[in-house]
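Engineer: structure, please.
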Amino acid sequence: MENIKRTKVVDLLTRKDFGAKVNVRGWVRTHRSSKAVDFIALNDGSTIKNIQIVVDPAKFDAEMLKQITTGACICANGELVESQGAGQTVEIQCSELKIYGLCGSDYPMQKKGQTFEYMRQYAHLRLRTNTFGCVMRIRHNMAIAIHKYFHDHGFFYFHTPLITASDCEGAGQMFQVTTKNLYDLKKDKDGKIIYDDDFFGKQTSLTVSGQLEGELGATALGAIYTFGPTFRAENSNTPRHLAEFWMIEPEVAFIDMNDLMDLEEDFIKYCVQWALDNCKDDLEFLNKMIDKTLIARLQSVVKDSFVRLPYTEGIKILEEAVAKGHKFEFPVSWGMDLASEHERFLVEEHFKKPVIMTDYPKEIKAFYMKINEDGKTVQGTDVLFPQIGEIIGGSVREEDYDKLMSEINERNIPMKDMWWYLDTRKYGSCPHGGFGLGFERLILFVTGMQNIRDVIPFPRTPKNADF
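Structural biologist: Model prediction:
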């Protein structure tokens, strides 16, 4: 074959230099044959769109053409020409073809309407389908948007540890990290495992959040954000939970609750606008195939101001809805943690726009949240989104050492490995706050996909660690 430099499909589709010799490489989406002409639709992952390769069967070996089936990987040289057919502006008049990899008829991603559940069994191959190509390109774009937003706003990207020794007794939601021989564990006279000979000399786990270490960063650098994998050993088989997922956690010194809500709203609108500006083709495909209201919903989130709603008022609205005959699966009462159905009712039916809920009862929120003057509620700020429910959880943190210690003691939180966290309240304590955004929940919202397992390349869920 003539050695011509490869051009990506995404770039070829914008070219107008008809008559140029081009080389394209990728995977066959479809191959239609007839006596007069063959059409090969080729995709290389750079865009949702395919390039059409027009082949004169008289000029090629018939047996070779027969082998070019859906999923096969090929290389083609030819002339860039204006397309005769609808749906594309350019195509390639093929002069040379080479097969890199054949693809048998047992290829699991044949062109037919498989369910997402079926495709999860082949997570290593589903990435080649149109839908998952779109999702992964959008996922990349959202990561770029997040880094750009924080960099442009003076935040520093701060790397918190994945292995943590924060005492995990009783947490029950942490994966242990150990080099011990699990078949021969040393135990003390009370039957407790002795960790002296373990790699770190103490019990360690995979992190559930980088927030506590992020607070250390904020009290030194002013404003930081983390963006990395987190792990929860929850036995939750739901469309909203993963055992391994990515989290974005900004933490800011000298921020109050209003500023924090402004940051949450501005940040998430920026990310959604980035998707609208930079992922047009992929969003249009998902809007057509997955959710016909997707683009309109993304546009409305950017356009509307978020409602700011104290928890107590939210409960009143839900109680009034129940009184008027609305049926919820879970009962509504002050002091309860809202279920996804309650959050979605407020966002989708009552206000019809995103809601930032504030001032939750302290019992249902974390020990580090700043308590309001009423002594009953805390300065938590959760952003609730259509279709998703909670997408961001944030708060102003308690900076007073004595108040924080009394909360820790009241809740019986084992703090022997947390002395370093308490030091931030002992040495030059400052007001600060931040939030956590589950990256996959953002991707769920931006893509219109229904299951969180379909917005991460290789999902980790209970009883599932394949690939």
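Engineer: what segments of the chain are helices?
Structural biologist: In the chain, the segments counted as helices under DSSP state H are 9-12, 62-67, 116-120, 123-126, 130-152, 211-221, 257-278, 280-289, 294-303, 311-323, 340-344, 401-410, 419-426, 439-447.
Engineer: which one of these lies closest to residue 455?
Structural biologist: helix 439-447 (4.0 Å; C-beta to C-beta). From N, CA and C alone the C-beta is placed, and that goes for glycine too.
Engineer: pLDDT wise, what is the nearest residue to residue 30 once chain neighbours are set aside at?
Structural biologist: Once flanking residues are discounted, residue 30 sits nearest to residue 41: 4.6 Å by C-beta to C-beta, 6 or more residues apart in numbering. Among the per-residue scores, residue 41 holds a pLDDT of 96.
Engineer: make CSV from the helices of the chain and add distance to residue 453 to it.
Structural biologist: Shown next, in CSV, are the helices of the chain (distance: least, C-beta to C-beta, whole Å):
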stretch, distance to residue 453
helix 9-12, 27
helix 62-67, 34
helix 116-120, 6
helix 123-126, 9
helix 130-152, 11
helix 211-221, 25
helix 257-278, 20
helix 280-289, 16
helix 294-303, 19
helix 311-323, 30
helix 340-344, 17
helix 401-410, 36
helix 419-426, 33
helix 439-447, 9
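Engineer: may I see those organised as CSV, with mean pLDDT, mean neighbour count and distance to residue 360 added?
Structural biologist: Output for the helices of the chain, formatted as CSV (pLDDT from 0 to 100; neighbours: other C-beta atoms under 10 Å; distance: least, C-beta to C-beta, whole Å):
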stretch, mean pLDDT, mean neighbour count, distance to residue 360
helix 9-12, 97, 18, 46
helix 62-67, 95, 11, 62
helix 116-120, 92, 15, 34
helix 123-126, 94, 16, 37
helix 130-152, 97, 18, 26
helix 211-221, 95, 20, 17
helix 257-278, 98, 18, 12
helix 280-289, 97, 17, 34
helix 294-303, 96, 16, 23
helix 311-323, 97, 16, 5
helix 340-344, 94, 19, 12
helix 401-410, 90, 14, 14
helix 419-426, 91, 14, 22
helix 439-447, 97, 24, 19
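Engineer: to residue 177, which of those lies closest?
Structural biologist: Among the helices of the chain, helix 211-221 sits nearest to residue 177 (C-beta to C-beta), with 16.2 Å.
Engineer: and the closest one with helix 419-426, angle?
Structural biologist: 40 degrees (axes from the mean of the first three to the mean of the last three C-alpha atoms, to 10 degrees).
Engineer: out of the helices of the chain, the one nearest residue 467 is which?
Structural biologist: helix 123-126 (5.1 Å).
Engineer: tell me, how many residues neighbour the closest residue in space to residue 403 that isn't next to it in sequence?
Structural biologist: Using C-beta to C-beta, 6+ apart and skipping the chain neighbours, the partner closest in space to residue 403 is residue 371 (6.8 Å). By other C-beta atoms under 10 Å, the residues close to residue 371 number 19.
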